[in-house]
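Asker: coords please:
(chains A and B)
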2 protein chains.
Amino acid sequence: MGLGPMNMTAPPEVFRRRRARLASSLGRPMVIFAGQSRARAYATNSYPFRASSTYIYFGGPPVEGACWLIEPGSEGDAGSALFRPPATLDDAVWLGETYSDDALAASAGVRVSGVMGVDELKSKIKGREWAAIIPPCPLTAAWARDLACNVPSPDELLAIVDMRLIKDEHELTAMRRAAKISVDAQRAAMAAAGPGNSEADVLAALYGVYLSNRAEASFTPIVTIHGEVLHGGGYHNTMAAGDLLLVDAGAEEPGGYTSDITRTYPVNGQFTETQRSLYETVLRAQRSAIAACVPGARYRDVHDLAARVICEGLVELGVLKGDPVALAARFAHTLFFAHGLGHLIGLDVHDMEEFGDLAGYAKGRMRRPEFGNKFLRLDRDLEPGMTLTIEPGVYLVPAIWGHEALVAPFADCVNRPAVEALLKGRIGGIRIEDTIHVRGGDAGPEVLTAALPTEADEVVVSSVGAD
Amino acid sequence: MGLGPMNMTAPPEVFRRRRARLASSLGRPMVIFAGQSRARAYATNSYPFRASSTYIYFGGPPVEGACWLIEPGSEGDAGSALFRPPATLDDAVWLGETYSDDALAASAGVRVSGVMGVDELKSKIKGREWAAIIPPCPLTAAWARDLACNVPSPDELLAIVDMRLIKDEHELTAMRRAAKISVDAQRAAMAAAGPGNSEADVLAALYGVYLSNRAEASFTPIVTIHGEVLHGGGYHNTMAAGDLLLVDAGAEEPGGYTSDITRTYPVNGQFTETQRSLYETVLRAQRSAIAACVPGARYRDVHDLAARVICEGLVELGVLKGDPVALAARFAHTLFFAHGLGHLIGLDVHDMEEFGDLAGYAKGRMRRPEFGNKFLRLDRDLEPGMTLTIEPGVYLVPAIWGHEALVAPFADCVNRPAVEALLKGRIGGIRIEDTIHVRGGDAGPEVLTAALPTEADEVVVSSVGAD
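Answerer: Presented below is the predicted three-dimensional model:
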């Protein structure tokens, strides 16, 4: 009938083990909510439901308003229960068949008696202390308002972070699936790019691939000839020969795992000399950074390495003056590369950003305060099983060059006329991004999105050749 | 640069007049919030921003976190002010250029001094009584929580409803634009439908047209071979010869105005005899209902007319027994046609549903309580300028026929073996929907979505011919 597959990304026993591990770390019960679909213009016009990532991670099936209760203790998963809202006749008529308790229990790996109506949750936690993991948009049920008081402790959140940080084989399989769809979509985008077409045409091409694969966009795609706006939107520009198009987009496969890719290319297939030089600089930075992603490396150091490579390129081009290492040490690159090198990725495209910097930053580490540096989302020592992005860029941002307080400290090392020429040229912004998986041993990182080329000439061939 | 058009749907003086009219009806200030973009999996991964409809209606430009202050009084629009969040350097780098106060003032039709930073709102309303029109998802700013206490009165909401209910020429122009994109998308959907393709392929075709026109889906499209699930989702089924595909989808044009169309057709271009008979019944009901949408007609009577036509068809087919008029009077059709005939449509696809039934139901009227009847969203006397949908349907819903309490009262007039045969046949659900505009005089209603055929043979030709 109308009931679709549950898109669970691991077998039941894996979810059971995950819950058992969490349970053994807890000192009080934890309730992990799936959340509700979000209203668009008005309450009943909602976006498709997407369960919260932590709920999915512990085996939650795609049921709006459901939640996990994880009981503390060392007896494995015995104390876990899944609560789901009851289905009414109206639900059946409007929304169709509901997964049976049997089906939910089987896919989530709990006993059927461990699947209950959500109203029973109250009796289970009545008079006890407990922690609530709630999605960013509040629950609509009136009683759920109380939940916001049951704030989890940092240790409780870290128990989850430590687990989600290292991807197991099931998660990697799902991420490879997301990467494949993301690559296919970027290829379709390249085919739709070209002088006379609009950014909106390219956006439509991306979604065509996502949706026909029953995937979603893992975030609102950036498709712009103004790559200098880091998270620009709007899609209203028409491409013209000489423009560089920046497409930063990724898929979320049906199980919820994500991918993230950026490619930047000339819409008519021809880099200008300056465009190519900057492109090659960004590409060198990206390749150096990827190669440096080995177990034990500190991600902030990898970011700083990419910054040095970018300074080298800008010195070669005559835009910066001086020793690239010294330039990067005083953060001269932040005038051109104003964001972080990348971020964790998994069930969220910025994985676990819902927990602030608890996931991205190792204990005792904090964000550096300077403009540019403060946007670095990740500073951990890398471990096998981590998945993250590497996405350096070079941008000519008018807002930066119009902000004297930012620029003045670098007056001695910036060739301002050269910068002005670049600002007038059609550079905008160039970013190259792949999603990678840190592997143990000597294998080096696995580039999950490697099927899409990054070499300048190959990117050009892909975009023009497909016309 | 990166800044796009504002997509205002009327000239400034029209917005000014709308605000002046509202102001003259108010006894205290009203603040109308644009709202924030909604979080998806985590807070910073948000859906594209869509301002709230009432804010748009009164001339609000697409600025997240902005709001209108409308001062009560008869001096026209003099007391209206637009508040917008200040833009920081980080915003400029990440989100790009911001509309200037001058540009906002010009498009919204206020003086430049009437555009202020949102922090100034507090000083304007300090110590006064005022009413807040807030979007369904709460504002994130801490101080905004107080606003939920400033609940508008029914009279204050009705002042808005009375205005939004009757569309002016600018709104109709926008709705024709939405209708055109919706028709084009439905044609693309028909071309993508066919045995072996998936519902997801059809969904992708719809979005291809929406997005390349810089439109959005006005609601999550229903694309299903199980039309008996009224608001089904999932898109996981593969179409096979013999299936009827139901596609209920519409566009929201860049200014926010919406359209809504349903077509149902055999994926291989061939109706079975029973399918065609039921299709013709639904089509007759739709045409009769559309023709009845003249000024002065009560919408509930139009719904009841469609119900009678459906009963006639079901009697002819031998599924119901008795006099169609009497059958409709005892609501026998609700076993097959369990929803309302249609709804208001405008800036929201269920226009103003955020105000409960204040918009859909005329003063003193209430929903009928019976299953089926209770889902009727509109019961007003029609007036020129109203826009609404007409969408009768016939469905074979297992959940209904498995619910004896619903079915038992009709045991005398239902040919149960015939129903069982239909349930086993591949009927699912058939719905035909257009968006219409009630006109004055003798012209009859304007079918905004008339460019897409409804005649059975033409629908078949459109879907098969485009292959």
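
Asker: only C-alpha atoms from now on, for both contacts and neighbour counts.
Answerer: Will do.

Asker: helices or strands next to the helix or strand hosting residue A:103 in the packing?
Answerer: Here residue A:103, judged by DSSP states H and E, is contained in helix A:101-108. Here helix A:101-108 touches helix A:12-25, strand A:115-117, going by 3 or more CA pairs under 8 Å, 6 or more residues apart in numbering or on different chains; DSSP states H and E.

Asker: could these go into CSV alongside mean neighbour count?
Answerer: Listed next are these as CSV, based on neighbours: other CA atoms under 10 Å in any protein chain shown:
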stretch, mean neighbour count
helix A:12-25, 20
strand A:115-117, 17
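
Asker: could those go into TSV alongside mean pLDDT and distance to chain B?
Answerer: TSV is the format used below for the helices and strands packed on helix A:101-108 (pLDDT from 0 to 100; distance: least, CA to the nearest CA, whole Å):
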stretch	mean pLDDT	distance to chain B
helix A:12-25	95	20
strand A:115-117	94	20
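
Asker: distance to residue A:161 for these - can I get that in JSON lines?
Answerer: Output for the helices and strands packed on helix A:101-108, formatted as JSON lines (distance: least, CA to CA, whole Å):
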{"stretch": "helix A:12-25", "distance to residue A:161": "10"}
{"stretch": "strand A:115-117", "distance to residue A:161": "26"}
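
Asker: and after the host helix or strand of residue A:301, which helix or strand comes next?
Answerer: Using DSSP H and E, residue A:301 sits in helix A:299-316. Next helix or strand after helix A:299-316 toward the C-terminus (DSSP H and E): helix A:324-329.

Asker: residues near the nearest residue to residue A:338 once chain neighbours are set aside, how many?
Answerer: Closest residue to residue A:338 apart from its sequence neighbours, by CA to CA, 6 or more residues apart in numbering or on different chains: residue A:372 at 4.1 Å. Residue A:372 sits with 20 neighbouring residues when counted by other CA atoms under 10 Å in any protein chain shown.

Asker: quick one: contacts for residue A:372?
Answerer: Shown in contact with residue A:372 (CA atoms under 8 Å, 6 or more residues apart in numbering or on different chains): A:334, A:335, A:337, A:338, A:339, A:340.

Asker: give me that answer again for 6 Å
Answerer: Residues in contact with residue A:372 (CA atoms under 6 Å, 6 or more residues apart in numbering or on different chains) are A:334, A:338, A:339.

Asker: quick one: residue A:96 from residue A:87, how far?
Answerer: 10 Å (CA to CA, to the nearest Å).

Asker: over to residue A:459?
Answerer: Taking CA to CA, one finds residue A:459 at 51 Å from residue A:87.

Asker: looking at these two, which one has more neighbours?
Answerer: The neighbour comparison of residue A:459 against residue A:87 (other CA under 10 Å) goes to residue A:459, with 20 against 14.

Asker: on that earlier part again, what sits up against the helix holding residue A:103?
Answerer: Contacts for helix A:101-108 (CA under 6 Å, 6+ apart): A:12, A:59, A:111, A:112.

Asker: most surrounded residue in these?
Answerer: residue A:59 (27 neighbours).

Asker: quick check: it touching residue A:13?
Answerer: No. Between residue A:59 and residue A:13 there is no contact under CA atoms under 6 Å: 9.6 Å.

Asker: having no further points to raise, I will conclude here.
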